[in-house]
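Engineer: Generate a structure from the sequence data that follows.
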Amino acid sequence: MSEKKGFSLASVLGDVSNLNTGDEIVRIPIERIDPDPANFYSLEGIDDLAGNIELIGLQQPLRVRPVADRYTVVSGHRRRAAILLIRDGGSDQFADGVPCIVEYGDASPAMRELRLIYANASSRQMSAADLSKQAERVTELLYQLKEQGVEFPGRMREHVAQACKVSTSKLARLHAIRNNLYPFWLVRFDSAELSEDAAYQLSRLPTDMQQQAAAYFLDTKKKKMPTASVIKSVIDDLPAYSAERSCRAHAGGPQCHHLAELAVKNLFMPYDWNVCSGSRCCLDCVRKEECGKKCQEAKDRCKLEKAVQAEKAAERQAAEKAAAEALRKKLQRRAKALLPLIEAAGLKGTVRLFDRWDAATPDDVRAWASGDWTGRNPSNDQPLLPYFTSDVLQMARKLKCDPGQILDPFKEARTGPEFQRGTPPRPGKYYALLLSCNIPKILTWDPEKKLWAFAGTGGQLEEAGVVGWWPLPEV
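Structural biologist: Numbers count the residues shown, from 1 in each chain. Predicted coordinates for the structure are as follows:
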């Protein structure tokens, strides 16, 4: 086709529509057919296409143009890739060459590429990303042809829309995406990770916000792409996000500068805007640790709080270490006091000294008496502290000793005056361990009758029924 004055888009479309009629088909070895470097269409679904060609054959020949002693694909890049896949799989289906239509003529490179694009626009389903690339390239080619003297009646955008078979409004959206979207998001759009609607809404945001959103997306664990509706809501609220406002919680406080960052976060977490809308001071905000735009006072506060927390943690660890050491010493003293009784009774093994799940065993007592905590490291003194009277009696039976010998080593465990046995020196109230009851009771002592009585009920108890007692302070 000659490029002359009066050239119209309709005539180009007409020529392209007749590209595959009446042409001679020749067979060319696949090794001599090269892809066109100018082809920008994605090569998707090649495996499926190869399977279809193997099953029913090649239904449409490739269109190529001669370049020296080789050929370059004009239309059929996906078919060429599928045929290569079939050949590499060991098939001889195209051993005698690939059916091709060879284009000859003196058309300019711009015209040849435009024909390639027109052919693909008619024959393939394209993604929004491919369509935007196609529209961008068609625009460039039409302007090149215009510089070569080809005239186009009407608006250029209408010619591009007609060539790409889309509406002018969709073309405008694709143009905005291709020209205004930050490169990080444009890559996601081209790979179909980001939808067309979301890409268009993102392209409406200021570039610096798009860049911040990309950085936040890479830093955060939330890898879900923002949706078009959420992005639009952020765009609608941009005046509120960008407004300078003083701290409302502290009179004369600093300006809030963190609202723009919140807008970026809300692209991914749309409900955060309701949590912090600038009405709460940075000093009082529960999110001041994670916010990078907090005021200097809040930064200083966070630094101080971290230092205080670290100091408290160190103190807590030191206190826990000291308490653990004190507990070990206490258990070691008690184990040493019990060890002679255990050795005299000949107790060995892992039989518990009294019926409680955490009670010590003879092996535990021997290890703790020597300061060995590798086998068992108690967190309290209960394994060696029989609380109930029944525990004392069980230990006494197993150790074949008097109950008082069991209780004597544990005086230090009781609060208040030391544990005593025998007859109290004066009448009064006492906290007592009984042979007949597991729980200590408050009793009164009558020295004349040598009787104990339950405080409140007056029920009497023989002196022999009390294992030990502690005087209670007078009220």
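
Engineer: From here on, just use CA atoms for contacts and neighbour counts.
Structural biologist: Will do.

Engineer: what's the following helix or strand after the longest helix along the chain?
Structural biologist: Looking across the chain with DSSP state H, the single longest helix is helix 296-345. Of the helices and strands lying after helix 296-345 in sequence (DSSP states H and E), the nearest is helix 362-369.

Engineer: buried ones in whichever helix or strand R78 is part of?
Structural biologist: Assigned by DSSP H and E, R78 belongs to helix 77-88. Within helix 77-88, the residues that count as buried by 16 or more other CA atoms under 10 Å are 77-87.

Engineer: As a markdown table, the residues you listed with pLDDT and distance to P37 would be great.
Structural biologist: Shown next, in a markdown table, are these (pLDDT from 0 to 100; distance: CA to CA, whole Å):
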| residue | pLDDT | distance to P37 |
| --- | --- | --- |
| H77 | 88 | 11 |
| R78 | 87 | 14 |
| R79 | 91 | 16 |
| R80 | 93 | 14 |
| A81 | 93 | 14 |
| A82 | 94 | 18 |
| I83 | 94 | 19 |
| L84 | 93 | 17 |
| L85 | 92 | 20 |
| I86 | 92 | 22 |
| R87 | 92 | 22 |
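
Engineer: and which of the residues you listed is nearest to L399?
Structural biologist: L85 (86.9 Å; CA to CA).

Engineer: Which helix or strand contains the closest residue to that closest one other than its chain neighbours?
Structural biologist: Among residues not flanking L85 along the chain, A50 sits closest, at 6.8 Å (CA to CA, 6 or more residues apart in numbering). Element membership for A50 (DSSP H and E) is helix 46-56.

Engineer: Quick check: which helices or strands does that helix pack against?
Structural biologist: Taking 3 or more CA pairs under 8 Å, 6 or more residues apart in numbering; DSSP states H and E as contact, the helices and strands that helix 46-56 lies on are helix 77-88.

Engineer: mean confidence for stretch 191-198?
Structural biologist: For stretch 191-198, mean pLDDT rounds to 86.

Engineer: what does it rub up against?
Structural biologist: For stretch 191-198, contacts defined as CA atoms under 8 Å, 6 or more residues apart in numbering pick out 127-129, 185, 188-189, 225-229, 231.

Engineer: mind running it again at 10 Å?
Structural biologist: Under the contact criterion CA atoms under 10 Å, 6 or more residues apart in numbering, stretch 191-198 has outside partners 42, 127-130, 173-174, 177, 185-190, 199-200, 202-203, 224-232.

Engineer: Please compute how far the helix holding R78 lies from its chain's middle.
Structural biologist: 41 Å (CA atoms, centre = their mean, to the nearest Å).

Engineer: could the buried residues of helix 77-88 be laid out in a markdown table, adding distance to V166?
Structural biologist: Below are the buried residues of helix 77-88 laid out as a markdown table (distance: CA to CA, whole Å):
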| residue | distance to V166 |
| --- | --- |
| H77 | 23 |
| R78 | 23 |
| R79 | 25 |
| R80 | 27 |
| A81 | 28 |
| A82 | 28 |
| I83 | 31 |
| L84 | 33 |
| L85 | 33 |
| I86 | 34 |
| R87 | 37 |
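
Engineer: Now flag whichever of the residues you listed is closest to L443.
Structural biologist: For the buried residues of helix 77-88, the nearest to L443 is L85 (97.9 Å; CA to CA).

Engineer: My understanding was that the closest one contacts Q93; is that so?
Structural biologist: No. Between L85 and Q93 there is no contact under CA atoms under 10 Å: 11.4 Å.

Engineer: Next one: the residue nearest to L85 relative to R78, how far apart?
Structural biologist: As judged by CA to CA, to the nearest Å, A50 and R78 stand 9 Å apart.

Engineer: Same check on L174?
Structural biologist: From L174 to R78 the distance is 24 Å (CA to CA).

Engineer: With Y71 instead?
Structural biologist: 16 Å.

Engineer: next one: D88
Structural biologist: Using CA to CA, which is the criterion applied here, D88 is 15 Å from R78.

Engineer: Quickly list the domain ranges of this structure.
Structural biologist: As assigned by automatic domain parsing, the chain contains the domains 9-180, 198-275, 322-397, 428-471.

Engineer: Looking at those, which is nearest to K306?
Structural biologist: domain 198-275 (21.1 Å).
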